[in-house]
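Trainee: Any chance you could fold what I've pasted below:
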Amino acid sequence: MYGGGAAASALRGPGATGGANLLAVRGHNTALVLDLLRRAGAEGISRLEIAERTGLTPQAVSKITARLRAEHLVTEAGHRASTGGKPRTVLRLVPEAGHAVGVHVDRDETRVVLADLAGGTVADLRTPLDLGAGAEAVVGRVTGEVKALVERVLGERVLGEGGGDLRAAPAGPLLGVGVALPGPLDHVHGVLHRVTGFPEWDGFPLRAELARRLGVPVVVDKDTNAAALRLAVGGAGGDGAGDGAGNSGDPGDGEGGGRAVGSFAYLHVGTGLGAGLVIGGAVHRGARTGAGEFGHQVVQLDGPPCGCGNRGCVEALCLAAVARGDLTEAARVLGTGAGNLVALLDIDLVLLGGRTVAAAPEVFADGVAAVLAERARRTGEPPVPVRIASGGVAEGAAQLVLAPLFGRTDG
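Mentor: Numbering: from 1, shown residues only. Take a look at the predicted model:
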């Protein structure tokens, strides 16, 4: 386990080979308090406000915050004028008290970020990668990049026998490593299935192997799920989603055609095409982490072959249009798939991301929005808003580790 001391004792989990929810804090109430402190940011929040917003008694809040202060997770952020009596002490989270690593393993590159407790990106590293190079080469590359970034930013590294556990001083403990990559995979056990185009990965125990090499808890999930989780919790700095198709705001801010946003789809277009689904505020993975295989819905029965074995998949048609430089057509195809998703799940918002979208955000946002607007005219319903999501998958991978600390059981 990385790090130690009082802060680590509050954040420790069941171990590197445990289940997906690695960071068990001392009960639901502590998670509520920590989440409020996280969302309050540097401005902080008073104990009275915490009690009012959580429904906890002032005595319970005082006990919890005293323990968190003793463990160096929380500190004073000044005082606020009171309507009567002495000024209220304002508390804030200490972001540097702990860190998590997020890794995005794509088909052709890897990106590693180090995030603090608040989800802010402290440092990042991007390098080329060939996912088809084999498990030994890829896992070795990821392990080396994680260790190099942690050593560079957090300080001294002490390697155990054979280059094992990571440790750092004097920075806060490393809580774990989240890894996001193309699916399908088993989120619960951290085992890959037949990644489209890379069947040799089928059955590889990625989580167990990385945990063995790194000596810290590891969580593995699909890239789209990780990105959707980050958006659901507000993302780094709480900015969630950026501008696109004339809309802006966080998916949870209540904006979007005048209705509250409780369910959204994050559509990722990069080297592949997939979706992360947030339904009722929680990431929906399905019983076998199979939800969100958006790119492999067939929209043209006699269409071109896809790497999954079907013909006429959204992914095959969309990426073919991108390859020939017809981004308008790519956006139309993406919008067709998004329309099917809206019809099936009645979601409130569509968010677009991935490097292909980032290269031409207005084209994709406007193109998808146009398809959904046409569908809305036919059904007589308000059009579902389309926005460009800010941030990346690696930041979402870090949230796989951080989110459970703040009460997100879908982390």
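
Trainee: And the strands in the stretch 101-250 of the chain?
Mentor: 109-116, 121-128, 174-181, 185-186, 191-192, 218-222 (DSSP state E, counting those that start in this stretch).

Trainee: how about the second one: buried residues?
Mentor: Spelled out, it's strand 121-128. T121, V122, D124, L125 (16 or more other C-beta atoms under 10 Å). C-betas here are computed from N, CA, C, even on glycine.

Trainee: do the same with the third one
Mentor: Counting neighbours by 16+ other C-beta under 10 Å, one finds that the buried residues in strand 174-181 are L174, L175, G176, V177, G178, V179, A180, L181.

Trainee: What strands flank that strand, and is each parallel or antiparallel?
Mentor: strand 99-105 (parallel), strand 218-222 (parallel) (DSSP bridges).

Trainee: and of those strands, who's closest to G203?
Mentor: The closest of those to G203 is strand 218-222. By C-beta to C-beta, the value is 13.5 Å.

Trainee: So for that closest one, mean pLDDT?
Mentor: In this model, strand 218-222 has a mean pLDDT of 97.

Trainee: shaky segments in the protein?
Mentor: 1-26, 82-85, 156-172, 235-261 (pLDDT under 70).

Trainee: now the helices: where do they sit in the stretch 101-250 of the chain?
Mentor: Secondary structure of the stretch 101-250 of the chain by DSSP state H, counting those that start in this stretch: the helices cover 135-154, 206-214, 223-232.

Trainee: Take the buried residues of strand 121-128 and write them to JSON lines, including distance to V150.
Mentor: Rendered in JSON lines, the data for those read as follows (distance: C-beta to C-beta, whole Å):
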{"residue": "T121", "distance to V150": "14"}
{"residue": "V122", "distance to V150": "10"}
{"residue": "D124", "distance to V150": "12"}
{"residue": "L125", "distance to V150": "10"}
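
Trainee: Closest to A403 out of the residues you listed?
Mentor: T121 (15.5 Å).

Trainee: what's the closest of the strands of the stretch 101-250 of the chain to A228?
Mentor: strand 218-222 (9.3 Å).

Trainee: Give me the contact list for the closest one.
Mentor: Strand 218-222 has contacts (C-beta atoms under 8 Å, 6 or more residues apart in numbering) with 16, 20, 22, 176-185, 187, 190, 192, 206-207, 210-211, 229, 274, 276, 285, 289, 292, 397, 400-401, 411.

Trainee: just the buried members of those?
Mentor: The neighbour-count criterion (16+ other C-beta under 10 Å) marks 16, 20, 22, 176-185, 187, 190, 192, 206-207, 210-211, 229, 274, 276, 285, 289, 292, 397, 400-401, 411 among the contacts of strand 218-222 as buried.

Trainee: Tell me the bridge partners for the closest residue to T356 other than its chain neighbours.
Mentor: In space, and not counting its chain neighbours, T356 is closest to V269: 4.2 Å by C-beta to C-beta, 6 or more residues apart in numbering. Beta-bridge pairing for V269 (DSSP bridges): L273.

Trainee: Done for today, thanks.
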